[in-house]
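In: Quick one, what's the 3D model for this:
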Amino acid sequence: MTGNNVKYPEQVTSTGSLQLDRLLMGLFPGDNVVWQVDSLDEYSYFAVLFAKQAVRSGYQLLCLLIQAIRVQSAISY
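Out: Residues are numbered from 1 along each chain as shown. Down below sits the predicted model:
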């Protein structure tokens, strides 16, 4: 796939969301997508779409969830 004289890898996969695919121009091998959200509800919509698309495309799925604890800063602005 080419556009604007930029060459992209031949293998592009979908996020499962047409709108997100358009924004990211699909996912390329080696891409990392990191979400920073206040609740998992904000993330789960896209995660489920992506997981379903990955399985449909024949990929094995591995999900790693790291939950951080939010600490209030002692500095006030």
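In: Strands along the chain, start to end?
Out: 2-3, 6-7 (DSSP state E).
In: hey, least reliable of those by pLDDT?
Out: Per-stretch mean pLDDT for the strands of the chain is lowest at strand 2-3 (a mean of 47).
In: Show me the shaky parts of the protein.
Out: Within the chain, the stretches falling below the threshold (pLDDT under 70) are 1-10, 64-77.
In: Tell me where the longest helix sits in it.
Out: helix 40-56 (DSSP state H).
In: And the contacts of that helix?
Out: Contact partners of helix 40-56, identified using Cβ atoms under 8 Å, 6 or more residues apart in numbering, comprise 13-17, 20, 35, 37, 61, 63. Using the backbone N, CA and C atoms, a C-beta is placed for each residue, glycine as well.
In: Buried subset of those residues as a PyMOL selection?
Out: To isolate in PyMOL the members of those that are buried, counting by 16 or more other Cβ atoms under 10 Å, one can use:
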select buried, resi 13+14+15+16+20
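In: and the contacts of helix 40-56, which of them are in helices?
Out: Where the contacts of helix 40-56 overlap with helices, as defined by DSSP H, the overlap consists of residue 20.
In: Give the burial count for residue 27, as a bare number.
Out: When neighbours are defined as other Cβ atoms under 10 Å, residue 27 has 20 of them.
In: Identify the spatial nearest neighbour of it, chain neighbours not counted.
Out: residue 13 (5.0 Å; Cβ to Cβ, 6 or more residues apart in numbering).
In: In contact with that neighbour, which residues are there?
Out: With contacts defined as Cβ under 8 Å, 6+ apart, the neighbours of residue 13 are 26-28, 53-54, 57, 59.
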